[in-house]
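Novice: this is the structure alone, sequence omitted:
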């Protein structure tokens, strides 16, 4: 068997998430607000509350230890995954999260089961790799939004805030996460505020 084919087969067997992510990714590019809006509509992602873009001048912020969710990658000299979601409580404190090919995003598909958002139920082996000091307002520093919009978000009566970082260029990876988050929002409309933040900058994508 050719070495290249063997590598692909091994990758598929070991981690199908990585395999599908690799096959569906496209060349990184800057993604405009118009392109983002059309993509979400075309893919049927319509259950969300806000859609923003990541600030151009904050390209490496997610890979700094104080801003990262999944610390294992950072502590081992790798960049943070740009496809991730973060779950915050009503006070804007981190509860749980998901990073590309790490985490149980499917666990959030259970209708009405918001208890999964409480990190206290997870074993220490999980928690040791999570940054449990993250805050919603700290995350918002890197979004291209007006201060008044952030005030509007934090003053909502939602019990939970979900932030989904995604981009069109990543293909399957982002789409699967968006579908899960949108579905969770649909089933828990009154309890959840879903915020989508596009990380589709040419420089940002190439920094991963």
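Specialist: Received it, and whenever you're ready, just let me know what you need. Every value quoted in this text rests on a predicted model; they were computed, and no experiment measured them. Numbers count the residues shown, from 1 in each chain.
Novice: what lies in contact with stretch 42-61?
Specialist: By Cβ atoms under 8 Å, 6 or more residues apart in numbering, the surrounding residues in contact with stretch 42-61 are 31, 33, 36-37, 40, 67, 79, 141-145, 149, 153, 165, 175, 178-179, 181-183, 185-186, 189, 193-201, 203-204, 207. Every residue, glycine included, has its C-beta placed from N, CA and C.
Novice: buried sites along it?
Specialist: 45, 47-55, 58-59, 61 (16 or more other Cβ atoms under 10 Å).
Novice: which among the contacts of stretch 42-61 end up buried?
Specialist: For these, buried by 16+ other Cβ under 10 Å: 31, 36, 40, 67, 142-143, 145, 153, 165, 175, 178-179, 181-182, 185, 193-201, 204.
Novice: so of these, which ones are in strands?
Specialist: 165, 193-198 (DSSP state E).
Novice: among those residues, which pair sits farthest apart?
Specialist: 193 and 198 (17.2 Å; Cβ to Cβ).
Novice: which one's the longest helix in the chain?
Specialist: In terms of residue count, the longest helix belonging to the chain (DSSP state H) is helix 172-187.
Novice: which elements pack onto it?
Specialist: Counting contacts by 3 or more Cβ pairs under 8 Å, 6 or more residues apart in numbering; DSSP states H and E, helix 172-187 packs against helix 16-24, strand 160-166, strand 192-198.
Novice: state the mean pLDDT of that helix.
Specialist: For helix 172-187, mean pLDDT is 88.
Novice: the inter-axis angle of that helix versus strand 160-166?
Specialist: Interaxial angle of helix 172-187 relative to strand 160-166 (axes from the mean of the first three to the mean of the last three Cα atoms, to 10 degrees): 160 degrees.
Novice: what angle sits between helix 172-187 and strand 192-198?
Specialist: Using the same axes, to 10 degrees: helix 172-187 against strand 192-198 is 160 degrees.
Novice: let's see which of the buried residues of stretch 42-61 end up in strands.
Specialist: Using DSSP E, the buried residues of stretch 42-61 in strands are 50-53.
Novice: how about the helices in this structure?
Specialist: Using DSSP H, the helices of the chain run over 3-14, 16-24, 33-42, 71-75, 124-127, 136-140, 147-154, 172-187, 202-206.
Novice: could you tell me the least trusted of those?
Specialist: Mean pLDDT per stretch puts helix 202-206 lowest among these, at a mean of 43.
Novice: show the pLDDT at residue 109.
Specialist: 48.
Novice: my guess is residue 63 meets residue 77, correct?
Specialist: No - taking contacts as Cβ atoms under 8 Å, residue 63 lies outside contact range of residue 77: 10.3 Å.
Novice: so which of these two has more stuff around it?
Specialist: residue 63 (17 against 6; other Cβ atoms under 10 Å).
Novice: any idea what residue 51 is bridged to?
Specialist: Counting by DSSP bridges, residue 51 forms beta bridges with residue 196.
Novice: er, residue 166 actually
Specialist: Per DSSP bridges, the residues bridged to residue 166 are residue 198.
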